[in-house]
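Asks: Sequence and predicted structure below; questions after.
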Amino acid sequence: MARSLRVSPEYIDQVNTALQRHGYPSQQSLANAVKISLSTVASFLNGIPIDSESFIKLSNRLGLDWREIAYEASENTPTQSSRLIRLKKQQNGLQQAWDTQHEKVCRIGNDLIIETVTENKFKLEKQLKEEKTKLTNLEAELEQIEKEIESTLPTKIPEQTIQISLLETQLKKQEASPFITGTPITRPRDFFGREKELKRLFNLLKRHPLQNAAIIGKKRSGKTSLLHYLKNITTTPTEQLRPGQKSDWLPHPETYKWVFVDLQDARMQSREGLLKHILESLNFKVPAPCDLDHFMDGVSENLSSPTVILLDEIGVGLQRCPELDDSFWESLRSLATNHTRGNLAFILSTPESPIDLAHNTGHSSPFFNIFGYTAFLGALTEAEAQELIASSPIPFADEDVKWILACSQCQPLLLQILCRERLFSLEEGENDYSWRDEGLIQIKPFADLLDEKSQGKNESTSN
């Protein structure tokens, strides 16, 4: 294998888009996740040669085929390199102009939706038509530049000359866990149920103005997984979903921006850290200093697309973060209600109602009064639970399915644990009921998810 690989210029934009799509708001966050230096990540994202092992690792982390995007670092001649750099600069300039124009078209489109005066609607329709023409012209220029870049590219590395490294072999052999119990579910295909809650939540988000919502549930009830699902399902390619899995929840999902905030993350527990994370996730310029005033100005002036900020573990922010005081939350409320033209909504997760949570932690901000809809997470429906069980790569006997449904009471976490134990026993060729005993031991720490009557009953139903 070549000692060094780089991202081909034609794929640099795709690679950088994958960074955001996979939930990495910054280069540093990707570097931390992969345990590779920031300078190596920056070189990878900008088409600068790096060692092949790091190249493959980063490509796999971003869901990219490294063979497709890679070129040997030694293949470019100086003339080719300089021409590619010049063309790439032109492409980047045009792309920025296209992005700005696209934002303008979206903003006018949103204004047109809410405008009620006929004369004003006519003016907006005329303006929208003119701006769309400009956008089309920019697209034509971009296509021309892309053709020139393609004609300048060196010959791609022949696949037969590349020996697959041990690292890649190991990564390919890793199978996705069919039942997930220790971490939040982030891949939409692994998420089951919550159809009622999803319908209500997306209905709040698909119409103007966007509306706020709270997701309430006990610990380990699936609140964080639901937030990730909201963020990812509408833009996940069909081939990465289960057959028939619904993803068309929004009319124009590509126009939406999503920001996931984990308030258990220490970096999110300071005012500056949280504001910086939101701005970076929106691809807005981070001001210096990154204080509340500059943040409010930046968002109110630049936010023109539907945007949803997902606040996970809001209780931690209220209990442990003195910088996130009432004035901070009041500013966010003002931003959503008065300064973003109906394009901003908050969805938070909490074990209790936002108003009660604020009261119990000594906060009085009106921010916690803006959540007009509450989704209460309890058990899945039996049909949803059976769909989860049926996803096992080895089918379960009807008797086992009934036992799992009864002992889990259709609680997602308990379903996952019991299914995991049954699958493991089948893979090991075990034919007795010992997996049930082990399953009951494994769900015991989460007995608070069950009603009191069934806790004692489960202990006598293992065989």
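Replies: Okay, I see it. Numbering: from 1, shown residues only.

Asks: Check the gap between Leu279 and Trp249 for me.
Replies: Distance of Leu279 to Trp249, given as Cβ to Cβ, to the nearest Å: 26 Å. Yep, even glycine has a C-beta here, placed from its N, CA and C like the rest.

Asks: likewise Glu323?
Replies: 35 Å.

Asks: Ok, Leu348 next?
Replies: With Cβ to Cβ as the criterion, Leu348 and Trp249 are 19 Å apart.

Asks: Neighbour count for those two, which is higher?
Replies: When neighbours are counted by other Cβ atoms under 10 Å, Leu348 and Trp249 differ, and Leu348 comes out ahead with 26 against 16.

Asks: strand partners of the helix or strand where the more buried one lies, parallel vs antiparallel please.
Replies: Counting by DSSP states H and E, the element that carries Leu348 is strand 344-350. According to DSSP bridges, strand 344-350 forms sheet pairs with strand 213-216 (parallel), strand 307-312 (parallel).

Asks: of all those strands, which lies closest to Asp451?
Replies: strand 213-216 (18.0 Å; Cβ to Cβ).

Asks: which residues are contacting the closest one?
Replies: The contact list for strand 213-216 (Cβ atoms under 8 Å, 6 or more residues apart in numbering) reads 197, 200-201, 204, 223, 226-227, 345, 347-354, 371-377.

Asks: Report the mean confidence score over the following helix or strand past the strand holding Leu348.
Replies: Next along the chain after strand 344-350, taking DSSP H and E as the criterion, comes helix 354-360. The average pLDDT for helix 354-360 rounds to 87.

Asks: Just checking: what are the partner strands of the helix or strand that comes right after helix 354-360?
Replies: Proceeding N to C from helix 354-360, the next assigned helix or strand is strand 373-376, under DSSP H and E. Looking at strand 373-376 with DSSP bridges, its partner strands are strand 213-216 (parallel).

Asks: just to revisit the earlier point, can you pull the alpha-carbon coordinates of the strand holding Leu348 into PDB?
Replies: Taking C-alpha atoms only, strand 344-350 is exported to PDB below (Å, rounded to 0.1, in the frame of the first residue of the first chain):
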ATOM      1  CA  LEU A 344     -36.100  28.100  15.700                       C
ATOM      2  CA  ALA A 345     -37.400  25.500  18.000                       C
ATOM      3  CA  PHE A 346     -36.100  23.700  21.100                       C
ATOM      4  CA  ILE A 347     -36.700  20.100  22.000                       C
ATOM      5  CA  LEU A 348     -35.400  19.000  25.400                       C
ATOM      6  CA  SER A 349     -35.300  15.800  27.400                       C
ATOM      7  CA  THR A 350     -36.000  15.600  31.100                       C
END
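
Asks: quick thing: my sequence starts at 802, can you match it?
Replies: Sounds good: first residue 802 from here, last item strand 1145-1151.

Asks: how far out from the middle of the chain is that strand?
Replies: The chain centroid and the centroid of strand 1145-1151 are separated by 14 Å, computed with Cα atoms, centre = their mean, to the nearest Å.

Asks: which residues touch that strand?
Replies: 1002, 1005-1006, 1011-1018, 1024-1025, 1027-1028, 1031, 1100, 1104, 1107-1116, 1133, 1136-1137, 1155, 1158, 1171-1172.

Asks: same thing but 7 Å
Replies: 1006, 1011-1017, 1024-1025, 1028, 1031, 1104, 1108-1116, 1136-1137, 1155, 1158 (Cβ atoms under 7 Å, 6 or more residues apart in numbering).

Asks: Also stretch 979-994?
Replies: By Cβ under 7 Å, 6+ apart, stretch 979-994 touches 1025-1026, 1029-1030, 1033-1034, 1037, 1041-1043, 1046, 1181-1182, 1185, 1188-1189, 1192-1194, 1213-1214, 1217-1218, 1220-1221, 1224.

Asks: how would you label the nearest residue to Ala1176 once chain neighbours are set aside: helix, strand or coil?
Replies: Nearest residue to Ala1176, sequence neighbours excluded (Cβ to Cβ, 6 or more residues apart in numbering): Glu998, at 4.2 Å. Following DSSP: H, G, I helix; E, B strand; the rest coil, we place Glu998 in the helix state.

Asks: Tell me how far Glu998 lies from Pro1213.
Replies: 12 Å.

Asks: The helix or strand where Ser855 lies packs against which elements?
Replies: Secondary structure assignment for Ser855, by DSSP H and E: helix 853-862. Packing contacts for helix 853-862, counted by 3 or more Cβ pairs under 7 Å, 6 or more residues apart in numbering; DSSP states H and E, involve strand 805-808, helix 828-835, helix 839-846, helix 867-870, helix 967-974.

Asks: Any buried residues in that helix, and which?
Replies: 853, 855-862 (16 or more other Cβ atoms under 10 Å).

Asks: Please export the C-alpha coordinates of that helix as CSV.
Replies: Coordinates of each C-alpha in helix 853-862 appear next as CSV, following Å, rounded to 0.1, in the frame of the first residue of the first chain:
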residue,chain,number,x,y,z
SER,A,853,-2.6,5.4,4.9
GLU,A,854,-3.6,3.9,8.3
SER,A,855,-5.0,7.2,9.6
PHE,A,856,-6.7,7.8,6.2
ILE,A,857,-8.5,4.5,6.3
LYS,A,858,-9.6,5.0,9.9
LEU,A,859,-11.0,8.4,9.3
SER,A,860,-12.8,7.3,6.1
ASN,A,861,-14.5,4.5,7.9
ARG,A,862,-15.5,6.7,10.8
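
Asks: so that helix versus helix 839-846, what angle?
Replies: Between helix 853-862 and helix 839-846, the angle comes out at 70 degrees (axes from the mean of the first three to the mean of the last three Cα atoms, to 10 degrees).

Asks: Now do helix 853-862 against helix 828-835, angle only.
Replies: 100 degrees.

Asks: Can you give the distance from helix 853-862 to the centre of its chain?
Replies: With Cα atoms, centre = their mean, you get 21 Å for helix 853-862.

Asks: what pLDDT, on average, does it get?
Replies: 88.

Asks: Low-confidence ranges, the stretch 952-1101 of the chain, go.
Replies: 952-977 (pLDDT under 70).

Asks: all strands for it, in order.
Replies: 1014-1017, 1058-1063 (DSSP state E, counting those that start in this stretch).
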